[in-house]
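J.: Attaching a predicted model along with its sequence, questions to come.
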Amino acid sequence: QQGEVSNTPEAHDQSYLCPVTVGGQTLNLDFDTGSADLWVYSTLMPTSEQRGHSVYNPDSSSSSNAQSDNSWTIQYSDGSGASGTVYADKVVVGSVTATSQAVEAATSVSSAFIKETHNDGLLGLAFSSINTVQPTQQTTFFDTVKSTLAKPLFTAHLKKGAPGSYDFGYIDTSKYTGSITYAHVDTSNGLWEFTASGYAVGSGSTVATPYDSIADTGTSLLYLPTEIVAAYYGEVNGAMYDSSQGGYTVPCDSNLPDFVAIIGGSRHTVPGSYINYAPISETSCFGGIQANDGIGHSVFGDVFLKSQFVVFDGSNSPRVGFAKQ
Ligand SMILES: Cc1ccc(-c2noc([C@H]3C[C@@H](O)CN3)n2)cc1F
C-alpha cells in the first residue's frame with residue numbers, strides 16, 4: 001500500500017495539520033518527525049479541555065482494544081505535554097491503513113495545547129525507540145505500516161501559507177525540481193539526525209563548518225548555532241536580540257537575506273522572506289532563525305522544511321534527502 005495525505009498550515013505556518021481517521025473518527029493531527037507518539041484528544045479528558053477539538057471516543061469505535069496495562073506521558077521541547085492511556089485501533093492516513101496501531105488517548109493535556117483548537121493531537125514520525133508508552137513501548141504509525149509500503153520511506157512537502165502533503169511509500173517526482181541530495185541519519189537519539197556541513201548568508205561566501213542537526217516537522221522555526229545566527233542577523237539592519245521576546249527580531253520592512261544550508265554536499269536555500277516569521281508589533285517582527293542554545297543540536301523546522309521537498313528514508317541505512325520544491 002502507499003498514499004498521500006494533505007497537510008494544512010496553521011497561522012504563520014506555525015504547524016501543519018493532517019486529517020487522520022482513528023477507529024473511524026476523523027481528527028486533525030500534527031505530524032511530528034521530532035517525536036514518536038501518536039496521541040489524540042479523547043473523551044477521557046475533562047469536558048472543558050475537549051472544547052473546540054475533535055476527540056477520539058474509544059467506546060464508539062467498533063475496532064478499539066484497550067491496552068489497560070499501558071500508559072504514556074510526553075514532554076515537548078517547549079515544555080508543553082500530555083499524558084493518558086493506550087488503545088489499539090485502526091488508523092488510516094491517506095489510503096495507508098494500520099489495522100492495529102497504538103493510539104494514545106489523552107486524559108490530560110497542558111494548556112499550550114488547549115488553545116491550539118485545530119490541533120487534535122500528534123502523529124509522531126521519529127524512531128519508535130523514543131516512544132513513551134510504558135511498560136510496553138509501541139511503534140509509530142510509520143514503523144507499524146513500513147513493511148507494507150512499496151518503499152520504506154515517507155516524504156514531507158510543506159508549503160509557505162498553502163496546503164501541502166505527506167506521501168507514504170513512494171517519491172512523487174512532480175513535487176520537486178533538480179535532484180535529491182541525501183545525508184546519513186544517526187538514529188542513536190531516535191531522531192532524524194544528520195550533520196550539516198556549512199552555511200552561507202545571502203550572496204556571501206560559504207562557510208564550511210559541521211553542525212549536528214535534526215529534521216523536525218513539528219518545530220516551527222530554524223534553530224542554529226549561535227555563531228551562525230549572529231552572522232545571519234549581522235547582515236540585517238535593525239536586527240536585535242530582544243530578551244523580552246526570547247529571540248532575535250527584525251524590522252518588519254526588512255529585505256532579509258536568504259539562508260543557505262550545505263547538506264549532503266549541496267546548497268539548500270531558505271528565501272529571506274521565510275525568515276520574517278511573524279509580527280510582534282507594528283514595526284517589529286520575530287525572526288524565523290533563532291539560536292539552538294539549550295537544545296543540544298540544530299533544528300531544521302518548518303521555516304526551512306517549507307523551502308524543500310524532504311525524503312525520510314527508513315531503510316536499513318536511514319537517511320534524509322532534500323530537494324528544491
Ligand atoms: C502546543 C504544542 C507544543 C509543542 C508541539 C510540538 N510538536 O512537535 C514539536 C517539536 C519539538 C520537539 O519536542 C519534537 N518536535 N513540538 C506542538 C504543539 F501543538
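T.: Nice, thanks for sending it over.

J.: Give me the sheet partners of the host helix or strand of residue 156 and which way each runs.
T.: In the assignment (DSSP states H and E), residue 156 maps to strand 153-157. Taking DSSP bridges as the criterion, strand 153-157 sits next to strand 164-168 (antiparallel), strand 308-313 (antiparallel) in its sheet.

J.: just so I know, which of these lies nearest the ligand?
T.: Closest approach to the ligand among the strands paired with strand 153-157 is made by strand 308-313 (13.7 Å; Cβ to the nearest ligand atom). For the C-beta atoms, the positions are set from N, CA and C on the backbone; glycine is no exception.

J.: The most centrally placed residue in the chain and the ligand: what is the separation?
T.: In the chain, the residue lying closest to the centroid (Cα atoms, centre = their mean) is residue 217, at 1.7 Å. Relative to the ligand, residue 217 is positioned 8 Å away (Cβ to the nearest ligand atom, to the nearest Å).

J.: ok, then the element right after the lowest-mean-pLDDT helix or strand in the chain?
T.: When the helices and strands of the chain are scored by mean pLDDT, DSSP states H and E, helix 111-114 comes last with a mean of 93. Next helix or strand after helix 111-114 toward the C-terminus (DSSP H and E): strand 121-124.

J.: Now do the same for that next one: mean pLDDT, whole number.
T.: Strand 121-124 shows a mean pLDDT of 98.

J.: Listing partners with orientation, what would you give for it?
T.: strand 25-32 (parallel), strand 38-40 (antiparallel).

J.: out of the ones you listed, deepest packed?
T.: strand 38-40 (a mean of 30; mean count of other Cβ atoms under 10 Å).

J.: Is it correct that residue 145 is in contact with residue 38?
T.: No: Residue 145 is beyond contact range of residue 38, at 11.8 Å (criterion: Cβ atoms under 8 Å).

J.: about what we covered before: where does the residue nearest to the centre of the chain sit: helix, strand or coil?
T.: When classified by DSSP: H, G, I helix; E, B strand; the rest coil, residue 217 comes out as coil.

J.: burial count for the spatially closest residue to it that is not a sequence neighbour?
T.: The shortest distance from residue 217 to any non-neighbouring residue, by Cβ to Cβ, 6 or more residues apart in numbering, is to residue 33 (4.6 Å). The local packing of residue 33 (other Cβ atoms under 10 Å) involves 29 other residues.

J.: Output the below-cut-off pLDDT ranges for this protein.
T.: Judged by pLDDT under 70, the chain has no weakly predicted residues.

J.: residues from it in reach of the ligand?
T.: Residues of the chain lying close to the ligand (Cβ under 6 Å from any ligand atom) are 15, 30, 32, 34-35, 76-78, 80, 112-113, 116, 119, 122, 216, 218-219.

J.: Can you flag the buried ones in these?
T.: Listed as buried from those are 15, 30, 32, 34-35, 76, 113, 116, 119, 122, 216, 218-219; burial here means 16 or more other Cβ atoms under 10 Å.
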